[in-house]
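Participant: fold the stuff below for me.
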Amino acid sequence: MQGVLTGFAVIAVVIAVGYLIGRRGHLGDNGREVLTKLAFHVASPALLFTTLARADLSMVFSSRLVVTALSTAAVAGVFVAVGVVRGWGVGRTTIGALCSSYVNSGNLGIPIAVYVLGDASLVAPVLLFQLLLLTPIALTVLDLSARDGKDPLWLRLLTPLRNPIAVGSLAGVAVSATGLRIPSAVMDPVTLIGNMSVPAVLLAFGISLCGSTMPGRGPDRHLVLLSVALKSVGQPAAAWALAVGVFGLRGHQLLDVVVTSALPAAQNLYTYASSYRVGERLARDAILVSTVLSVPVLVVVAALLG
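Facilitator: Here you go, the predicted model:
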């Protein structure tokens with residue numbers, strides 16, 4: 001369980017530093033907003049570009065990835081269906097669906113893959129799936145809902161190309177697919193900028209906790225509880241059922257897909273919510289609670305399937 005504890009300890013320390021920064025006011029009243037914009041418009045696109053430019057796209061296609069994709073669609077679909085019935089709105093429903101299904105495959109998934117699963121590359125297909133498909137779709141929906149359908153059709157069709165996260169991802173895929181070799185003089189500065197992404201996201205998240213109430217309260221409590229239940233229990237259960245019942249996975253392959261599905265909601269979802277100014281408290285609370293709950297969930301999964 002060293003991988004689980006190490007991954008959570010790193011995240012907790014950086015978030016705690018952000019909380020202290022917020023309490024002491026070192027970055028002023030707009031510190032969180034500046035960090036969020038830095039991550040969304042500059043650092044995260046750079047990180048996604050460098051990650052995907054060096055990725056082996058052939059790793060995307062596997063039965064384990066299909067299980068992940070189907071379990072993601074299942075829990076996100078449940079949240080969307082409830083959101084439509086309850087009238088939660090496009091923006092909040094989209095953020096809630098992401099919190100229900102988008103796993104922390106980066107700063108938590110990698111150390112857990114190394115120490116629990118024994119191979120860091122096992123999270124790569126999940127990471128690529130989320131970056132190449134899930135993120136562009138969700139951000140396009142958020143873009144269109146934010147513009148309230150006032151843009152002309154041709155401009156709406158180009159929405160993914162106007163989003164910095166999507167542009168960084170697509171550019172990285174293009175480099176990987178074509179085998180283009182980028183000189184280190186160009187790639188090194190981009191890599192350096194991209195390295196700011198995760199710390200900026202975690203620090204902004206920590207600052208957002210200053211003066212906040214206990215999670216799971218307020219007008220978004222039902223959305224938070226539903227998204228956390230789907231993320232912490234629903235998604236790993238769906239992954240296990242699909243892996244065993246449909247694809248016949250056993251042993252390490254079964255452990256791989258269930259562990260990756262049991263990872264908590266990713267911190268960058270708070271960045272998306274803050275950037276579009278929708279569902280910010282929902283994202284913050286869902287990420288916090290699912291991260292705490294994922295510790296016992298991952299321990300149980302490893303004990304039963306390991």
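
Participant: so, low pLDDT: which residues of the stretch 1-150 of the chain?
Facilitator: 1-8, 59-61, 106-122, 124, 147-150 (pLDDT under 70).

Participant: change it to 50
Facilitator: By pLDDT under 50, the stretch 1-150 of the chain contains no weakly predicted segment.

Participant: for it, just list every one of the strands.
Facilitator: Assigned strands in the stretch 1-150 of the chain: none (criterion: DSSP state E, counting those that start in this stretch).

Participant: ok, the most centrally placed residue in the chain - contacts?
Facilitator: Nearest to the geometric centre of the chain sits residue 266, at 3.5 Å (Cα atoms, centre = their mean). Contact analysis of residue 266 by Cβ atoms under 8 Å, 6 or more residues apart in numbering lists 102, 103, 104, 105, 106, 287. Any C-beta I mention is one placed from the backbone N, CA and C, and that applies to glycine too.

Participant: for it, phi and psi?
Facilitator: phi -70, psi 140 (degrees, to the nearest 10).

Participant: TSV for the contacts of residue 266, including distance to residue 34 and neighbour count?
Facilitator: TSV is the format used below for the contacts of residue 266 (distance: Cβ to Cβ, whole Å; neighbours: other Cβ atoms under 10 Å):
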residue	distance to residue 34	neighbour count
102	24	26
103	27	28
104	23	24
105	26	24
106	22	22
287	20	29
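
Participant: how much space between the residue nearest to the centre of the chain and residue 29?
Facilitator: 27 Å (Cβ to Cβ, to the nearest Å).

Participant: what about the residue lying closest to residue 274 once chain neighbours are set aside, how many residues close to it?
Facilitator: What sits nearest to residue 274 in space, not counting adjacent residues and going by Cβ to Cβ, 6 or more residues apart in numbering, is residue 36, at 4.5 Å. Residue 36 has 25 neighbours, counted by other Cβ atoms under 10 Å.

Participant: is it true that residue 36 touches residue 271?
Facilitator: Yes: under the criterion of Cβ atoms under 8 Å, residue 36 makes contact with residue 271 at 5.5 Å.

Participant: which neighbours do those two share?
Facilitator: 201, 204.

Participant: so what's the residue nearest to residue 291 when sequence neighbours are not counted up against?
Facilitator: Once flanking residues are discounted, residue 291 sits nearest to residue 264: 4.2 Å by Cβ to Cβ, 6+ apart. Residue 264 is in contact with 103, 104, 108, 231, 232, 287, 290, 291, 293, 294, counting by Cβ under 8 Å, 6+ apart.

Participant: what's the closest of these to residue 173?
Facilitator: residue 103 (20.0 Å; Cβ to Cβ).

Participant: kindly state the beta-bridge partners for the closest one.
Facilitator: Beta-bridge pairing of residue 103 under DSSP bridges involves residue 265.

Participant: ok, back up a step: of the contacts of residue 264 - the most surrounded one?
Facilitator: The residue in the contacts of residue 264 with the most neighbours, by other Cβ under 10 Å, is residue 231 (31 neighbours).

Participant: thinking that one is in contact with residue 96, fair?
Facilitator: No: Residue 231 is beyond contact range of residue 96, at 10.2 Å (criterion: Cβ under 8 Å).

Participant: list the helices and strands the helix ranked longest in the chain packs on?
Facilitator: In the chain, taking DSSP state H as the definition, the longest helix is helix 280-305. Helix 280-305 is packed against helix 2-24, helix 90-101, helix 197-208, helix 221-229, helix 251-261, helix 268-276, with contacts defined by 3 or more Cβ pairs under 8 Å, 6 or more residues apart in numbering; DSSP states H and E.
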